[in-house]
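Peer 1: sharing a model that was predicted from the sequence below.
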Amino acid sequence: ATAIGDVIATQSIQKNAPLGTFGGGDACHLWFTSGDLSGVKLGGSATLENYIDVRHAVSVNPETKGTATIVNPFHNQRTLYITYMVTPDPANQLCNRGRIVVPPSIDVTLDT
């Protein structure tokens, strides 16, 4: 943390830097702390759970499966970043695998 503070202290930052745009707009959905799933549709066994006071998680039963559909609110393509975390199965301490499925009708490029 000290090294990060040193970098910030040595960088010149404009106090009133002009803000740019993201072309035709952008959307950000960080529901981990807010629990607001606007723009995300859950299906199957996927449910939003609240834990550790103000933290949220989408839980999925691996046997009955679930889905989370991210809705693009724009009329053209956008870059999509997805982050996720898994918890180990208490029985064997192995993490369940996740799978991302993109319908064939959607043009997609994956950068891993």
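Peer 2: Nice, I can see it. Residues are numbered from 1 along each chain as shown.

Peer 1: residue ranges with poor pLDDT in the protein?
Peer 2: Along the chain, segments meeting pLDDT under 70 span 1, 12-14, 17-23, 96, 109-112.

Peer 1: so where do the helices sit in it?
Peer 2: Using DSSP state H, the helices of the chain run over residues 2-10, 31-34.

Peer 1: now distance to residue 58 and mean neighbour count too, for those helices, in JSON lines please.
Peer 2: (Glycine included, C-beta is placed from N, CA and C.) Formatted as JSON lines, the helices of the chain follow (distance: least, C-beta to C-beta, whole Å; neighbours: other C-beta atoms under 10 Å):
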{"stretch": "helix 2-10", "distance to residue 58": "30", "mean neighbour count": "8"}
{"stretch": "helix 31-34", "distance to residue 58": "8", "mean neighbour count": "12"}
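
Peer 1: so the nearest residue to residue 85 once chain neighbours are set aside bridges to which residues?
Peer 2: Distances taken as C-beta to C-beta, 6 or more residues apart in numbering place residue 57 nearest to residue 85, at 8.0 Å, with adjacent residues excluded. Here residue 57 shows beta-bridge partners residue 49, assigned using DSSP bridges.

Peer 1: residue 57 touches residue 42, doesn't it?
Peer 2: No. The pair residue 57 / residue 42 is not scored as a contact, 11.8 Å apart, by C-beta atoms under 8 Å.
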